[in-house]
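# dropping the sequence and predicted coords here.
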Amino acid sequence: MSDITLSAGVRQILLSLQTTSADLTTTQEDLATGKKVNTAFDNPTSYFTSQSLTNRANDLSALLDQIGQAQQTLDAANNGLTGVTSLLEQALSTAQQAQQASNDTAGATTGTVNLTGNTLAAGNLLIATGGTTYTVAITSSATVSAIEAAINGTAGLGSSGAVTASDDGSGHLILTANSPTTTFTASGAEQSAFGLSGSAVSGTSTTRTTLQTNYNSLLKQVDQLAGDSSYNGVNLLNGNNLTVNFNETGTSSLTITGVTFDSAGLGLSAIAAGGFQTGSNITAAETSINTAISSVRAQTETFGTNSSTISTRQTFETNMINTLQTGSSNLVIADQNQESANLLTEQTQQQLEISALSIANEANQSVLKLFG
């Protein structure tokens, strides 16, 4: 091929045709990919800057998924707080019912006075029932049977009245309400009558016993609900913490501190047998429950603030990703209208150059005919 000599005109046309063909290939690639910069050779600065922006957008997209999971963890904790609050309110209502049970006209009551080992002195025993207080005179060194007789012989009491006195054969005086619609308390002068401490007189309310059982059951439900408030292995109501990263370098984050909100963590404990028979114990339980409810409500506000922060960051991250992707595209994306015009121009140019090459060849052939 080195022996072939091309005229200057033909050689110039061929060079132009090669250039046009290369441009045509590039334009067709731009139209096919939608980009004007497909490799670093096209435009190194735009190419690598675009890659950097795209990489950061991808990193933030991965973080956005993690942020979304953190939001779900908070939602699970908030669901738990809502449930715990409901259970605590039920427990408070139960305690309040127990506090009122001493005046509950549907509950029968039995009272016991332990006389064993005590020296009796003369005095009066006051028995209050149904809004009426009965005075029973007690003589010095009275026996249990004598006290029973004195009570049962008192008008309004006794077997036909509100309360019947009996004993268990072991020195325990038992006062039993004769009607399930009657309740009573033994108070007042029993200390001067029997020389006993105030706790010697005790009552057992079946209503309070039932309510105490219900109260303890509700505390167990608090424990179970708090334990079930986990999401993806993280339980913010069981002492777990959660750290949420907001940027790819980890320099922007939020740490959500978990709490222990089972009954023990809220300062609550099951009531021991007979505990609800004493009004002061019920009052203490009510105070503890109110404190627990306040703690849960305060924590709900804290988690709500955390949730709002995460939602704000989700919106920010989404907008930032869009900004990065748009910036990346602007550096390398092709203008379809311009590229289409370029394609048409280059195709026309190619056709003209082919025609010019044909004319040049014909001119050369004409010169050869002169020697024919």
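On my side now, so go ahead. Numbers count the residues shown, from 1 in each chain.
# for E248, give me phi and psi.
Backbone torsions of E248, given as degrees, to the nearest 10, read phi -70, psi -20.
# could you report the neighbour count for it?
By the other Cβ atoms under 10 Å criterion, the neighbourhood of E248 contains 14 residues. Just so you know, the C-beta spots here come from the backbone N, C-alpha and C atoms, and that holds for glycine as well.
# gap between it and A70?
16 Å (Cβ to Cβ, to the nearest Å).
# what is the longest helix along the chain packed up against?
Scanning the chain for the longest helix, with DSSP state H as the assignment, gives helix 44-100. Judged by 3 or more Cβ pairs under 8 Å, 6 or more residues apart in numbering; DSSP states H and E, helix 44-100 is in contact with helix 206-227, strand 242-245, helix 279-332.
# and the angle from that helix to helix 279-332?
Following axes from the mean of the first three to the mean of the last three Cα atoms, to 10 degrees, one obtains 170 degrees for the angle between helix 44-100 and helix 279-332.
# mean confidence for stretch 259-270?
Mean pLDDT, stretch 259-270: 96.
# what about P44, how many residues nearby?
11.
# residues in contact with it?
If a contact means Cβ atoms under 8 Å, 6 or more residues apart in numbering, then P44 has no contacts.
# what angle sits between the longest helix of the chain and helix 206-227?
Helix 44-100 and helix 206-227 meet at an angle of 170 degrees, taking the same axes, to 10 degrees as the criterion.
# average pLDDT for helix 44-100?
Looking at helix 44-100 alone, the average pLDDT works out to 91.
# check stretch 234-243 too.
Here stretch 234-243 scores 95 as its mean pLDDT.
# list the buried residues for that stretch?
By neighbour count, and taking 16 or more other Cβ atoms under 10 Å as the criterion, the buried residues in stretch 234-243 are V234, N235, L236, L237, N238, N240, L242.
# distance to V259 and secondary structure added to those residues, as CSV?
Conversion of the buried residues of stretch 234-243 to CSV gives the following (distance: Cβ to Cβ, whole Å; DSSP: H, G, I helix; E, B strand; the rest coil):
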residue, distance to V259, secondary structure
V234, 13, strand
N235, 10, coil
L236, 7, coil
L237, 6, coil
N238, 9, strand
N240, 10, coil
L242, 12, strand
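# closest to N214 out of the residues you listed?
Distance ranking of the buried residues of stretch 234-243 against N214, using Cβ to Cβ, places L237 first at 23.0 Å.
# ok so, going back, out of the buried residues of stretch 234-243, which is nearest to A264?
Set against A264, the nearest of those by Cβ to Cβ is N238 (11.7 Å).
# nearest residue to the spatially most central residue of the chain other than its sequence neighbours?
Central residue of the chain (Cα atoms, centre = their mean): A77, 1.5 Å from the mean position. In this structure, A77 finds its nearest non-sequential neighbour in L236, 3.9 Å apart by Cβ to Cβ, 6 or more residues apart in numbering.
# got it, and L218?
Closest residue in space to L218, ignoring its immediate chain neighbours: A91 at 4.3 Å, by Cβ to Cβ, 6+ apart.
# hmm, that neighbour is touching E286, no?
No. With contact defined as Cβ atoms under 8 Å, A91 does not reach E286; the gap is 9.3 Å.
# neighbour count: those two, which is higher?
More neighbours sit around A91 than around the other of A91 and E286, counting by other Cβ under 10 Å; the figures are 26 against 17.
# quick one: the more buried one and N79, what's the gap?
Applying Cβ to Cβ to A91 and N79 gives a distance of 19 Å.
# wait, T54 sits on T326?
No. In this structure T54 lies outside contact range of T326 using Cβ under 8 Å: 11.0 Å.
# among those two, which residue is more densely surrounded?
More neighbours surround T54 than the other of T54 and T326, with 17 against 12 (other Cβ under 10 Å).
# contacting residues around the more buried one?
Residues counted as contacts of T54 (Cβ under 8 Å, 6+ apart) are L324, Q325, S328.
# quick check, the second one in contact with L53.
Going back to what we said before, that points to Q325. Yes. With contact taken as Cβ under 8 Å, Q325 and L53 are classed as touching, separated by 7.5 Å.
# show residues contacting stretch 210-223.
Counting contacts by Cβ under 8 Å, 6+ apart, the residues outside stretch 210-223 that touch it are 84, 87-88, 90-91, 94-95, 97-98, 101, 261-263, 266, 268-271, 275-276, 285.
# for the closest residue in space to A285 that isn't next to it in sequence, give its distance to F246.
Nearest-residue entry for A285: A95, 4.9 Å, with adjacent residues in sequence omitted and distances by Cβ to Cβ, 6+ apart. Between A95 and F246 the distance, using Cβ to Cβ, works out to 44 Å.
# more neighbours, these two?
Neighbour tally, A95 and F246, criterion other Cβ under 10 Å: the higher count belongs to A95, 27 against 21.
# quick one: the more buried one and V84, what's the gap?
16 Å.
# now A76
Taken as Cβ to Cβ, the span from A76 to V84 is 13 Å.
# could you check which of those two is surrounded by more residues?
V84 (27 against 19).
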